[in-house]
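Enquirer: A predicted structure for the sequence below; I have some questions about it.
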Amino acid sequence: MASAASAPPTPATPASLKRIVTASLIGTTIEWYDFFLYGSAAALIFNKLFFPDSDPLVGTLLSFLTYAVGFAARPLGALVFGHYGDRLGRKKLLVLSLLLMGGATFAIGLLPTHATIGTAAPVLLTLLRLVQGFALGGEWGGAVLLVSEHGDARRRGFWASWPQTGAPAGQLLATGVLSLLTAVLSDAAFGSWGWRIPFLLSGVLVIVGLWIRLSVDESPVFRQALAQAAARRATQAADAEKLPLVAVLRHHWRDVLVAMGARMAENISYYVITAFILVYATTSAGVSKQTALNAVLIASAVHFAVIPAWGALSDRIGRRPVYLLGAVGVGLWMFPFFSLVDTGGFGSLVLAVTVGLVLHGAMYAPQAAFFSEMFATRMRYSGASIGAQFASVAAGAPAPLIATALLADYDSSTPIALYVIAAALLTVVAVGVAKETRHRDLAGIDATADAEPTKAAAADARVV
């Protein structure tokens with residue numbers, strides 16, 4: 001009879017899996033709502049509220065700089081949440097990340113502006129943005145792993161893509177709330193108090209998210225890994241590294257680099273298409289704020305719908321082909337994208353953003369399963385989070401900032417398009433050299449990883 005430590009984990013029932021997917025989706029939607037809300041507000045209003053003495057475009061740059069600070073905190077969140085998520089479990093850390101993100105967002109809604117407290121206002125705004133970034137750095141890895149480790153291996157790409165839809169759902173929710181407020185409020189009312197409403201709404205959303213997230217069970221694959229670790233300690237078998245980060249860098253450093261390279265085109269293109277476009281369309285193409293927000297709103301709805309389809313396709317033909325299709329497509333779309341936006345027409349703007357996000361979805365959908373299948377269970381939270389979030393510092397964090405600076409320097413979209421194309425080429429190289437992971441068994445990865453420390457320990461003993 002197989003022991004509890006060696007017996008394969010029992011797959012979740014269809015009903016249980018749907019509940020887990022729903023909990024992960026709602027949690028990631030709330031977290032991304034909070035994070036994207038800041039980005040949209042940075043493009044539309046924060047330059048006036050927190051940097052009023054600057055030239056409008058300079059104020060937007062400063063506003064996007066505080067936006068980028070959130071990305072700088074994401075690797076720290078990945079390290080801390082990954083470490084404890086690999087030791088204590090995915091569920092506990094996901095609850096903590098939701099509390100931190102929601103609390104910081106709610107506090108932004110209460111924050112005095114520059115007109116009230118002077119330079120302390122942007123300082124406090126930056127600190128709260130750091131908390132947001134720290135929380136999101138730990139959220140993504142846990143949410144996708146909870147589904148990946150519960151799900152059916154044959155359809156892992158499909159099921160793991162659902163937490164990914166939390167990004168467009170959060171974008172949809174954040175943009176929708178802002179679009180509604182800008183439609184019903186005057187510019188003066190929105191700038192005075194209306195902008196606070198979507199941030200304060202986060203408090204209600206967090207309560208709902210916590211209620212749902214607390215109802216799910218811990219990953220069976222993780223529980224099995226804990227049992228195996230306890231068995232190794234009991235028999236004085238080879239001891240694995242006590243720090244998951246050390247284990248990741250020892251056994252999976254190539255996979256971390258692949259994940260970082262894969263994130264470049266996905267992350268940069270997304271923030272150029274959804275955040276920077278609010279600046280470009282309103283300043284260079286003469287489009288109103290309401291029109292730009294509505295275009296992103298429609299495109300985000302389509303983005304939400306296509307992600308599971310791309311995830312299902314990755315189960316049929318592999319993670320790499322779908323990912324490469326998205327990277328090449330985004331690179332090829334950049335020049336048509338800006339040409340359509342430059343027309344100033346609403347239909348052209350919707351088409352530009354929608355096609356861009358559909359192509360982005362081809363990268364984003366298989367990413368959850370792709371990254372999860374690279375790492376062993378006891379270091380999966382750390383590995384997936386580190387690969388994803390460290391890349392965000394060089395990719396998503398400066399993307400709106402770099403795009404805005406290029407626009408200010410060259411007064412042209414051409415350098416911005418070339419910037420995204422360069423990122424796409426980097427991602428094509430990274431994914432091109434990666435191994436296909438579609439058929440990998442998560443428990444099988446654990447068995448392979450367990451053998452490596454044993455060999456290392458035996459070699460150390462011979463040396464002694």
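Expert: Perfect, I can see it now. Numbers count the residues shown, from 1 in each chain.
Enquirer: what bits of the stretch 301-450 of the chain have low per-residue confidence?
Expert: The stretch 301-450 of the chain contains residues with pLDDT under 70 at 443-450.
Enquirer: Mind checking what secondary structure residue 375 has?
Expert: In three-state terms, and counting by DSSP: H, G, I helix; E, B strand; the rest coil, residue 375 is coil.
Enquirer: Ramachandran angles for it?
Expert: Torsion angles at residue 375 (phi, psi; degrees, to the nearest 10) stand at phi -120, psi 150.
Enquirer: Now do the same contact list for it.
Expert: Listed by CB atoms under 8 Å, 6 or more residues apart in numbering, the contact partners of residue 375 are 248, 252, 255, 382, 383, 384, 445. Every residue, glycine included, has its C-beta placed from N, CA and C.
Enquirer: likewise residue 372?
Expert: By CB under 8 Å, 6+ apart, residue 372 lies in contact with 144, 145, 148, 149, 156, 160, 380, 384, 442.
Enquirer: One more pass at 6 Å, please.
Expert: Going by CB atoms under 6 Å, 6 or more residues apart in numbering, residue 372 touches 145, 148.
Enquirer: ok, now residue 269?
Expert: By CB under 6 Å, 6+ apart, the contact list for residue 269 reads 330, 360, 420.
Enquirer: Kindly recompute the last result at 8 Å.
Expert: Applying CB under 8 Å, 6+ apart to residue 269 gives the contacts 330, 356, 359, 360, 420, 423, 424.
Enquirer: In TSV: the residues you listed, plus neighbour count and secondary structure.
Expert: Compiled in TSV, the contacts of residue 269 are given as follows (neighbours: other CB atoms under 10 Å; DSSP: H, G, I helix; E, B strand; the rest coil):
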residue	neighbour count	secondary structure
330	30	helix
356	26	helix
359	27	helix
360	29	helix
420	24	helix
423	26	helix
424	26	helix
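Enquirer: Dump those to a markdown table, plus distance to residue 407.
Expert: Converted to a markdown table, the contacts of residue 269 look like this (distance: CB to CB, whole Å):
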| residue | distance to residue 407 |
| --- | --- |
| 330 | 19 |
| 356 | 17 |
| 359 | 22 |
| 360 | 21 |
| 420 | 13 |
| 423 | 17 |
| 424 | 20 |
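Enquirer: just curious, which of the residues you listed is nearest to residue 291?
Expert: residue 356 (16.8 Å; CB to CB).
Enquirer: correct me, but the closest one touches residue 333?
Expert: Yes - counting by CB atoms under 8 Å, residue 356 does reach residue 333; the two are 5.8 Å apart.
Enquirer: and the residue nearest to residue 306 when sequence neighbours are not counted, backbone torsions?
Expert: Distances taken as CB to CB, 6 or more residues apart in numbering place residue 361 nearest to residue 306, at 4.8 Å, with adjacent residues excluded. In terms of degrees, to the nearest 10, the main-chain angles of residue 361 are phi -60, psi -30.
Enquirer: check contacts around the closest residue in space to residue 44 that isn't next to it in sequence.
Expert: Leaving aside its sequence neighbours, residue 44 sits nearest to residue 289 (CB to CB, 6+ apart; 5.9 Å). If you count contacts by CB under 8 Å, 6+ apart, residue 289 has them with 44, 182, 278, 282.
Enquirer: Check the contacts of residue 375 against residue 28 and report the nearest one.
Expert: Nearest to residue 28, judged by CB to CB, of the contacts of residue 375 is residue 384 at 14.0 Å.
Enquirer: How far off centre is stretch 421-433?
Expert: Once both centres are worked out by CA atoms, centre = their mean, to the nearest Å, stretch 421-433 turns out to sit 19 Å from its chain's centre.
Enquirer: Mind listing what's buried along it?
Expert: Judged by neighbour count using 16 or more other CB atoms under 10 Å, the buried positions of stretch 421-433 are 421, 423, 424, 426, 427, 428, 430, 431.
Enquirer: now, which of these lie within helices?
Expert: With DSSP state H as the criterion, helices contain 421, 423, 424, 426, 427, 428, 430, 431 from among those.
Enquirer: Mean confidence (pLDDT) on the helix or strand hosting residue 271, please.
Expert: Under the criterion DSSP states H and E, the helix or strand holding residue 271 is helix 253-271. When pLDDT is averaged over helix 253-271, the result is 93.
Enquirer: Mind listing what's buried along it?
Expert: By neighbour count, with 16+ other CB under 10 Å as the criterion, the buried positions of helix 253-271 are 255-271.
Enquirer: cool, stretch 271-278 as well?
Expert: 271, 272, 273, 274, 275, 276, 277, 278.
Enquirer: excluding its backbone neighbours, what's nearest the third one?
Expert: Taking CB to CB, 6+ apart as the measure, residue 273 lies nearest to residue 356, with 4.3 Å between them; neighbours along the chain are not counted.
Enquirer: who touches that neighbour in this structure?
Expert: The contact partners of residue 356, by CB under 8 Å, 6+ apart, come to 269, 273, 299, 330, 333, 337.
Enquirer: gap between it and residue 302?
Expert: To residue 302, residue 356 is 11 Å away according to CB to CB, to the nearest Å.
Enquirer: If we only consider the contacts of residue 269, which is nearest to residue 227?
Expert: The shortest approach to residue 227 among the contacts of residue 269 belongs to residue 360, at 39.3 Å (CB to CB).
Enquirer: returning to that earlier point: among the contacts of residue 356, which pair sits farthest apart?
Expert: Among the contacts of residue 356, 299 and 330 lie farthest apart (CB to CB), at 13.7 Å.
Enquirer: List the contacts of the residue minimising distance to the centre of the chain.
Expert: The centroid of the chain falls nearest to residue 140 when counting by CA atoms, centre = their mean (5.7 Å). Shown in contact with residue 140 (CB under 8 Å, 6+ apart): 28, 384, 385, 388, 389.
Enquirer: Considering those, which possesses the most neighbours?
Expert: Counting neighbours by other CB atoms under 10 Å, residue 385 comes out on top of the contacts of residue 140 with 34 neighbours.
Enquirer: pretty sure it contacts residue 81?
Expert: Yes - applying CB under 8 Å, one finds residue 385 in contact with residue 81, separated by 6.5 Å.
Enquirer: Residues that sit against both of the two, list them.
Expert: Residues touching both residue 385 and residue 81 (CB under 8 Å, 6+ apart) are 137, 138, 141, 142.
Enquirer: Which parts of the helix or strand harbouring the last one count as buried, going by neighbours?
Expert: For residue 142, the enclosing helix or strand under DSSP H and E is helix 120-150. Applying a neighbour-count criterion of 16+ other CB under 10 Å, one finds 121-122, 124-125, 128-150 buried in helix 120-150.
Enquirer: could you check the angle helix 120-150 makes with whichever helix or strand comes after it?
Expert: Toward the C-terminus, helix 120-150 is succeeded by helix 156-164 as the next helix or strand (DSSP H and E). Relative orientation of helix 156-164 and helix 120-150, computed by axes from the mean of the first three to the mean of the last three CA atoms, to 10 degrees: 160 degrees.
Enquirer: contacts for helix 156-164?
Expert: So helix 156-164 is contacted by 17, 21, 24-25, 28, 143-144, 146-148, 151-152, 307-308, 310-315, 319, 364-369, 372-373, 438 (CB under 8 Å, 6+ apart).
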